[in-house]
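Visitor: Fold the stuff below for me.
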Amino acid sequence: MIGYIKQDGELVSVTTLRIREAALERKEQGVKYRVQAADMGIDTDTLLQYRNGDMLPGTDILRTLATYYGVTADWLLGLED
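Guide: Residues are numbered from 1 along each chain as shown. All right, here's what the predicted structure looks like:
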């Protein structure tokens, strides 16, 4: 079950927030979103949809995201801090 929290008056999935956090951290290190997406083998629009909460990743993509960002899938899902 996906956890949600209220942010700016709307419900946002914890997974979306965690992907956003990891992607932003990598961007602050100088890695643009298109490069992040290419490194993971996914489309830039798809990564942005995950980051913006327009779409949630399946288990195979969760593994890819977790590996790329150096976090666990459980962290991305909000199951651990």
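Visitor: Not counting stretch 55-66 itself, show me its contacts.
Guide: Residues outside stretch 55-66 that contact it (C-beta atoms under 8 Å, 6 or more residues apart in numbering) are 2, 13, 15-16, 19, 22, 40-42, 46, 49-50, 72-73, 75-77. No exception for glycine: its C-beta is placed from N, CA and C like everyone else's.
Visitor: And that stretch, what's buried?
Guide: Within stretch 55-66, the residues scored as buried using 16 or more other C-beta atoms under 10 Å are P57, I61, L62, T64, L65, A66.
Visitor: hang on, the earlier thing: for ChimeraX, what selects the buried ones among the contacts of stretch 55-66?
Guide: Those of the contacts of stretch 55-66 that count as buried under 16+ other C-beta under 10 Å are selected in ChimeraX with:
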select :13,15,16,19,22,40,42,49,50,73,75,76,77
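Visitor: Where strands are concerned, which of the contacts of stretch 55-66 count?
Guide: Cross-referencing the contacts of stretch 55-66 against strands under DSSP state E gives S13.
Visitor: circling back: got the buried residues of stretch 55-66 as CSV, with secondary structure, pLDDT and distance to V31 columns?
Guide: Output for the buried residues of stretch 55-66, formatted as CSV (DSSP: H, G, I helix; E, B strand; the rest coil; pLDDT from 0 to 100; distance: C-beta to C-beta, whole Å):
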residue, secondary structure, pLDDT, distance to V31
P57, coil, 93, 19
I61, helix, 94, 18
L62, helix, 94, 20
T64, helix, 96, 15
L65, helix, 96, 14
A66, helix, 96, 17
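Visitor: for the residue nearest the centre of the chain, what are its contacts?
Guide: By C-alpha atoms, centre = their mean, the chain has its centre lying nearest to I19, at 2.0 Å. Applying C-beta under 8 Å, 6+ apart to I19 gives the contacts Y50, R51, P57, L65, L76.
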